[in-house]
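*Asks:* Generate coordinates for the sequence data below:
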Amino acid sequence: MSERKDYKYLYTMEYYKSGCGTDYTKKDIWVPFFDNMAERIIEKYAPVTVLDMGCAFGYLVSALRNKGVQAYGIDISEYALSQADEKIKPYVKVMSALDELPDNFPKKYDLVVSIEMIEHLYEDDGLKVIKKMTEYADRILLSSTDSDFAEPTHVNVQPKEYWCEKFAEHNYFRDLHIDLRYISPNAYLFERKDNITIGELVKMYESVIKIEPVKASMVRNAASHILRGRLSFIKKLIKKVIK
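*Replies:* The predicted structure follows:
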């Protein structure tokens, strides 16, 4: 589709001022928000390296680097990255998330972060980006709206179970113990679990049900969705159990 070649032309100054909710150019709002996010990420995961995919103005990259983390960022918008702090410009790159990382970027990270980016990609491109994320890190922090269909560039708005399924196909499963509401109601932490069996997966979800009964319905739905899954995915898991 021809539109897919035009991603980079969508995210202009006008978009960041009025097209993505609160004016993204207002540093007094967004710098503290991302500073808090950086503090919580460091407190929980103590990453040495982080890649922010769809970093926009580089607020999170800057906040992490100010706290000693080797953070890098990519974004499709030339305008957005032109607004990044001069100190971090060697560590951010105007590029598509579908492209290969620059030579001066690490190829592996302790954590990949993607905040409200993937819903801007057509579905097949979104699936390709998920694969790239799983190649870059064993932990992926994803935030993506499940309800904002009105924003014209939101071409791939999906419910959380969709993302859980797509990451599970790469053996990445959602951490249900962590509260990410400080980012958004639709933020998820996926972790790689290559050798997990169906039994272990059930036990993992059931333990959350036992500890946090108020979330029982949500957890049951997530577990049921993953266990039912697509037949091809279940076959792969069964093969691993047999091995």
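*Asks:* Against residue 54, how distant is the closest residue to residue 181 other than its chain neighbours?
*Replies:* Computed as CB to CB, 6 or more residues apart in numbering, the closest residue to residue 181 that is not its neighbour in sequence is residue 187, at 7.4 Å. In short, each C-beta sits where N, CA and C put it, glycine included. Taking CB to CB, to the nearest Å as the measure, residue 187 falls 14 Å from residue 54.
*Asks:* Count the residues that sit near residue 104.
*Replies:* 9 (other CB atoms under 10 Å).
*Asks:* Skipping adjacent residues, who's closest to it in space?
*Replies:* Residue 104 sits nearest to residue 90 (CB to CB, 6+ apart), 7.9 Å away.
*Asks:* Check which helices and strands the host helix or strand of residue 73 sits against.
*Replies:* Residue 73 belongs to strand 70-75 when assigned by DSSP states H and E. Here strand 70-75 touches strand 49-53, helix 59-66, strand 92-94, going by 3 or more CB pairs under 8 Å, 6 or more residues apart in numbering; DSSP states H and E.
*Asks:* will you turn those into JSON lines that also has mean neighbour count?
*Replies:* Below are those laid out as JSON lines (neighbours: other CB atoms under 10 Å):
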{"stretch": "strand 49-53", "mean neighbour count": "24"}
{"stretch": "helix 59-66", "mean neighbour count": "24"}
{"stretch": "strand 92-94", "mean neighbour count": "19"}
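*Asks:* still on that earlier bit, now for residue 187 and residue 54: what residues contact both?
*Replies:* Residues touching both residue 187 and residue 54 (CB atoms under 8 Å, 6 or more residues apart in numbering) are residue 115.
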